[in-house]
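1. Make a model of this:
(2 chains)
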Amino acid sequence: MGEKIVFKNYKEMPIRAMSVADMTWNLTGSWRNIRPYYDFKLSPCRVGCPAGEDIQKYIFLLIEDRAEEAWRTIIETNPMPAVTGRVCFHPCMEKCTRKDFDQSINIPGIERSIGDLGLENPGWMKKTKASKKEKVAVVGGGPAGLSCAFYLARRGYAVTLFEADKALGGVLRWGIPEYRLPNTLLDDVITQIVESGPITVKSGTALGKGVDLESLEKEFDALFLGLGLAESRALGIDGEETDGVEAGLEFLRRVNSGEKVDPGKRVAVIGGGNTAMDVARCALRSGSDVTVIYRRTRHEMPAISDEIEEAEHEGVNFRFLAAPKDIITKNGKLEKVVFQEMELGEPDESGRRRPVPVEGKTFELELDRMFTAIGETADLGPIEGRVGSEWNLIGADGESYQTSRKGIYAGGDVVTGAASVVEAVAAGRKAAEAIERSFTGAEDKAVEEPKVIGFEDINTAYFDHSNRSLLPRIDHKEAVNGFGEIHLGFSPEMLARETERCFSCGVCNFCDNCWVFCPDVAIIRKEDEYEVDYDFCKGCLVCVIECPRGCISTREEGK
Amino acid sequence: MRPAKIPTEELMTSGHLACQGCGATQAMRFALKALGPKTALVIPACCWSVIDGPFPHSSLKVPIFHTAFEAAASTASGLKAGLEMRGDTETVVMAWAGDGGTFDIGIQALSGAAERNEDMIYCCYDNEAYMNTGIQRSSATPAGAWTTTTPIKHYKKRPKKKIIDIMAAHSIPYIATASVAYPLDLIEKFKKAREIKGTRFIHVFAPCPTGWKLAPELSVSMARQAVTSKIFPLMEVTDNGRRWSVWKDFEPTPLQDYIKAQGRFRHLTDEEIEGIGRETERNWQELLMKERISLELPGLESE
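-> Numbers count the residues shown, from 1 in each chain, chains lettered A, B, ... in the order given. The predicted structure follows:
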């Protein structure tokens, strides 16, 4: 800080009127009535992600060429970014601030790139050893179980993972076709998770198949049930057992196991969810003409809209407002199905308009095969009467993941009903945290919710309009010829272009604007942060407005 | 350290006496970052003769010669001649004057120096009125604006003087406009000017929150909108006043937004604002026309 020079008499004055000192003795901070301060906020994509991935951070790290740290950031909340980058319904993109500017960021594309990098660089996964005395059994090797096992193992708890099938993966393996999620990739992801820590896998074992609840309770300190929904819901009409009527899930299981299938030429798929889309597109790839028949309209379909569009482009036919009424057989084989035409009535408890039959209006379709995909349900037989359930789903607390029975936790589809991979992953991680709290007696940290950035907080003057980069892909005509993965990953150039589009809402990415525009040179530029020099900041708040991403907040002085 | 957007050397220090959100200080900081420490300034009466600080202090790390209101260009001419006589050809001399000291009071000296093609940079930082004496109109005050000498009942009716046209008519090697909202462009233009011999005139748009009755935090935003609403185009005139080039690669914003944000225009009716809009558009078209004509002139030096 410079010194103020005061002349006591004329003799002290220099001969020439020449300045001899600077002005830094003049602490202009005393002029200030409002104080700017760095206050990073939450980007809405992160709020939109059920797993709570710190999307802004990993995109920033990628831009900085710090891919390993980017991967580490995702792994904090999601052990399988290569999977969710491919199959997630990406609610993050709905929340992306850039959506209101031009088009949201291709977050799944970026996530997938990072996930794939994590598989290409096995050294990134630091291995943990068992360091705690408690042992946990995880029943179910789907996304919820894998996630729960992974986060427990990372915390040093020995985990035994029970899987009914030969191989781990659950719905990822038998429910999602190879063109969306290749089996070899899934194998790599699972290997990485299992080998990351003290996880022992017992495949071909399930409750009621080799082990029972009581013995597990005796052997382990806690149990996590991630059983998923592995049973197809029945139509509830006569003739469902007929040769030619098949549960969609069963068909997917056969296709995904590599079995050669021939569903015949004329195929109908009943239902409007993701399973229906997967079944339809698998049947299409097996040479069938496929019609999806859904009792409501396209608008009410629960499937991911991208998947519906893909199915349409590939040549799946859709018939809306119809439901199977009678199955007509010939020589014990399916011959045709009578469909009841429907119309939309009043909204039901799900908010969607309820389909009601139109009196006297039916049509017939001659079919070689009819697949049912109207929903999945759990097989709770082995825990019946011991763990509380409702509507054939396990009842578990939304925060603690605790079931009615002490020491037993549950999460994923078997608790929520058919949801998504990312929600199951989130439940697995949160249950792992809850299980640890039950061991250590620690309280759930109540964190204060930071402010979420909105589009109005963004200074759009600093951004140029640009379209979202789409993943390269094989075209629809070629795609239906086989089960090869449709979407390919970003090239490094495409990835760089897409990450650069991120606004980095609410979190500083060192754009320098605050430092550049401060009229009072009162922003100190440091290696990894900026600091307001309150000795000199006059409180003009230019930095607040010129920050493109809303990182600076204000408060009145003296309050 | 991460690479910085603009040079990190600071030749202007904190503690200066400018108002909150002052555009003139940003202009000085950027200009000096571009020109470097081997710069000598000549400052006539203007905000900056106050901002710099009271004797014997200065908030700039380069020498400043304070001079009379009308004398910036002639003093700078003399300073440059004196430096040359002493064998210093490295130091760049820059006259740094406000709009009053350039458009009105200093224009005779400026015109003389430019006609002689004195080897100096003349920078006018334009805050569109005599601000440090209490917001009196200058010939740089835009039509429609309130000042203390053009009160609301008699707000300024005459348009802003076209100083770039005047300077272009002097056939000097380099003329540019710049804005504090576009620091990279501003710095580039000063760097370019430093390498040219002869009179270089740079007109920097520098908002004055105090005189414009504007919230200080909006000062950079206003400077940006002045450009994007075409009321203050960014341009360069090279080849001795013949070759015009105008920056057009921006997303236009409505002039209404620019006008309505500022208290000095608050009295204007929507019709009056529309009138200003028409005038702005005509000036813009005229400028583009000049650019086209300048491109078609035979015998033009290529850039």
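2. Just the local confidence number for B:Leu300, please.
-> Confidence per residue is given as pLDDT, and for B:Leu300 that number is 64.
3. host element of the residue sitting nearest the centre point of chain A?
-> With distances taken as CA atoms, centre = their mean, chain A has A:Val422 as the residue nearest its mean C-alpha position (3.8 Å). Applying DSSP states H and E as the criterion places A:Val422 in helix A:421-440.
4. distance between that helix and the chain's centre?
-> 15 Å (CA atoms, centre = their mean, to the nearest Å).
5. show me what contacts the residue nearest to the centre of chain A?
-> When contacts are counted by CB atoms under 8 Å, 6 or more residues apart in numbering or on different chains, A:Val422 is found next to A:Cys49, A:Pro50, A:Ala51, A:Asn78, A:Thr84, A:Cys88, A:Phe89. For every residue, glycine as well, the C-beta is placed using N, CA and C.
6. ditto for A:Phe89
-> Contacts here follow CB under 8 Å, 6+ apart; on that basis A:Phe89 touches A:Ile304, A:Ser420, A:Val422.
7. how close does the last one sit to chain B?
-> It stands for A:Val422. 33 Å (CB to the nearest CB, to the nearest Å).
8. what does the first one give?
-> Here A:Ile304 is placed at a distance of 34 Å from chain B (CB to the nearest CB).
9. check contacts around that residue.
-> Here A:Ile304 is in contact with A:Phe89, A:Asn274, A:Met277 (criterion: CB under 8 Å, 6+ apart).
10. one more time with 10 Å, if that's ok
-> Contacts for A:Ile304 (CB atoms under 10 Å, 6 or more residues apart in numbering or on different chains) come out as A:Val87, A:Cys88, A:Phe89, A:His90, A:Gly273, A:Asn274, A:Met277, A:Glu310, A:Ser420.
11. Let me have those in CSV, adding pLDDT and distance to A:Ala234 as columns.
-> Compiled in CSV, those are given as follows (pLDDT from 0 to 100; distance: CB to CB, whole Å):
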residue, pLDDT, distance to A:Ala234
A:Val87, 94, 26
A:Cys88, 94, 29
A:Phe89, 92, 26
A:His90, 93, 32
A:Gly273, 92, 15
A:Asn274, 92, 19
A:Met277, 95, 20
A:Glu310, 92, 28
A:Ser420, 92, 24
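12. among those residues, which are in strands?
-> For the contacts of A:Ile304, not one is inside strands, with DSSP state E as the criterion.
13. Looking at the residues you listed, state which has the most neighbours.
-> Neighbours here are counted as other CB atoms under 10 Å in any protein chain shown. On that basis the top member of the contacts of A:Ile304 is A:Met277, with 28 neighbours.
14. Tell me the spacing between it and chain B.
-> Remark: distance between A:Met277 and chain B (CB to the nearest CB) = 40 Å.
15. That residue contacts A:Tyr179, correct?
-> No. In this structure A:Met277 lies outside contact range of A:Tyr179 using CB atoms under 10 Å: 11.5 Å.
16. what sits in contact with each of these two?
-> Common contact partners of A:Met277 and A:Tyr179 (CB under 10 Å, 6+ apart): A:Glu310.
17. Just give the nearest non-adjacent residue to A:Lys57, would you?
-> If you skip the residues right next to it in sequence, A:Lys57 has A:Thr73 as its closest partner in space, 5.1 Å away by CB to CB, 6 or more residues apart in numbering or on different chains.
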